[in-house]
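Peer 1: I'd like to go over a predicted model; first the sequence, then the structure.
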Amino acid sequence: MKLSEFLATVVPQIEDKLAAELAHSTSNQTMRDAMTYAVMAGGKRLRPLLTLAVAQSYGLGINGLLRAASALELIHTYSLIHDDLPAMDNDDMRRGKPTTHKAFGEDVAILAGDALQPLAYQWLASDPLLTTPQKAELTLQLALASGADGMVAGQVMDMAATNATTISLDQAKAIHYRKTGALIAYAAIAGGSWPMRLMKSKKPCGTSVWPMVWPFKSKMTWMISGRMMLPISKHTQLFWALTVRRMPCGNRFELRQMPL
C-alpha cells in the first residue's frame, strides 16, 4: 500500500476512534468538551499512524489496534495544551484555532491536560486485545518516553534554551531527542509489541529504534529509497529518518541518523 493510500484510509479511522472514545471519557461536561476540543483540533496523527504502520507490516489488521495506538495521541495532546500556556510558549492559536486555554480558560486547560495523561494509560490498561504483559510493558514504555527522562525532560531543556543567545547542534539534538523523539520511538516500539506476541517464529525479529536528529535544509516530507524524512519541529531544521529493513519474520523499523 502506498503511503498516500495508507494515510487516506487510516487517519479517518483514528479520528473516529478518538471521537468515539472521548465522548464517554468523563461525566463532566466541561472537562469532556475541553479534552475533545484539544484532541480533535486536527494534526497529522503521525504517532498512532507509525504504530499502526509497524503492526501492519507484520500482516496484522489495524481495526482492533486503533484504541491502543490512539492512546499515544492523548499524551501528545496533553503536552501541546501545556506547551501553549502563558507560563510556557504563551501561544494564542494552534492549527488555526484558539488554544485550549484561550477557549476554556487556563484552569480548565491545565486540568484537561492533566486528565488526558492518565486517560492514555487507562486506554492501554483496559484494552481487551492486549495481554497482561503487553499492557504492563506498553504502560511502562509510554511512562518512560513521556516522563522526566523523556518528553518532559526535553520540554524543560527547551525552555532553558529559550533565553540563550545560541545553542549548539548537540544541545538541539538532546532537546529534540527527548521532546519529540521519545514519543516517536515509543510509537514504533508499540507497533512491534503485538506481532512479537502473536508470531511463533523463533528467528530474531522486532522493532529497533534509535531516535537521532541532524540538520537539513527543507521542511518537507520525502520518501527516498525507503526512508521517510520527517520534520520534527516547525521551528527548527532538524529531521528524523525512518527506514525499513526486511527481516525473516517481518520488517524492522529504525529511526536514526544517516546520510542521504
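Peer 2: Great, that's in hand. Numbering: from 1, shown residues only.
Peer 1: hmm, residue 138 and residue 130 touching each other?
Peer 2: Yes. When contacts are counted by CB atoms under 8 Å, residue 130 is listed as touching residue 138 (7.1 Å). C-beta here means a position set from N, CA and C on the backbone, and glycine is covered the same way.
Peer 1: mind listing the shared neighbours of those two?
Peer 2: Common contact partners of residue 130 and residue 138 (CB atoms under 8 Å, 6 or more residues apart in numbering): 68, 124.
Peer 1: what's the average pLDDT for stretch 142-161?
Peer 2: The average pLDDT for stretch 142-161 rounds to 94.
Peer 1: would you mark the buried spots in it?
Peer 2: Residues of stretch 142-161 classed as buried: 142-143, 145-146, 150-155, 157-158 (neighbour count, 16 or more other CB atoms under 10 Å).
Peer 1: same thing with stretch 31-41?
Peer 2: Applying 16+ other CB under 10 Å to stretch 31-41 flags 31-39, 41 as buried.
Peer 1: which of those fall within helices?
Peer 2: 31-39 (DSSP state H).
Peer 1: how about those in a markdown table, adding pLDDT and distance to residue 175?
Peer 2: Formatted as a markdown table, these follow (pLDDT from 0 to 100; distance: CB to CB, whole Å):
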| residue | pLDDT | distance to residue 175 |
| --- | --- | --- |
| 31 | 98 | 31 |
| 32 | 98 | 33 |
| 33 | 98 | 33 |
| 34 | 98 | 28 |
| 35 | 98 | 27 |
| 36 | 98 | 30 |
| 37 | 98 | 28 |
| 38 | 98 | 23 |
| 39 | 98 | 25 |
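Peer 1: with respect to residue 103, which of the residues you listed is nearest?
Peer 2: residue 37 (6.1 Å; CB to CB).
Peer 1: ok, that closest one touching residue 101?
Peer 2: No. Using CB under 8 Å, residue 37 is not in contact with residue 101; the gap is 11.0 Å.
Peer 1: in a markdown table: the buried residues of stretch 31-41, plus distance to residue 11.
Peer 2: What follows is these, written out as a markdown table (distance: CB to CB, whole Å):
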| residue | distance to residue 11 |
| --- | --- |
| 31 | 26 |
| 32 | 23 |
| 33 | 23 |
| 34 | 23 |
| 35 | 20 |
| 36 | 17 |
| 37 | 19 |
| 38 | 18 |
| 39 | 14 |
| 41 | 14 |
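Peer 1: of those residues, which is the nearest to residue 66?
Peer 2: Checking the buried residues of stretch 31-41 against residue 66 with CB to CB, the nearest one is residue 39 at 14.1 Å.
Peer 1: separation between the closest one and residue 71?
Peer 2: For residue 39, the distance to residue 71 equals 11 Å [CB to CB, to the nearest Å].
Peer 1: low-confidence ranges, the stretch 101-250 of the chain, go.
Peer 2: 194-250 (pLDDT under 70).
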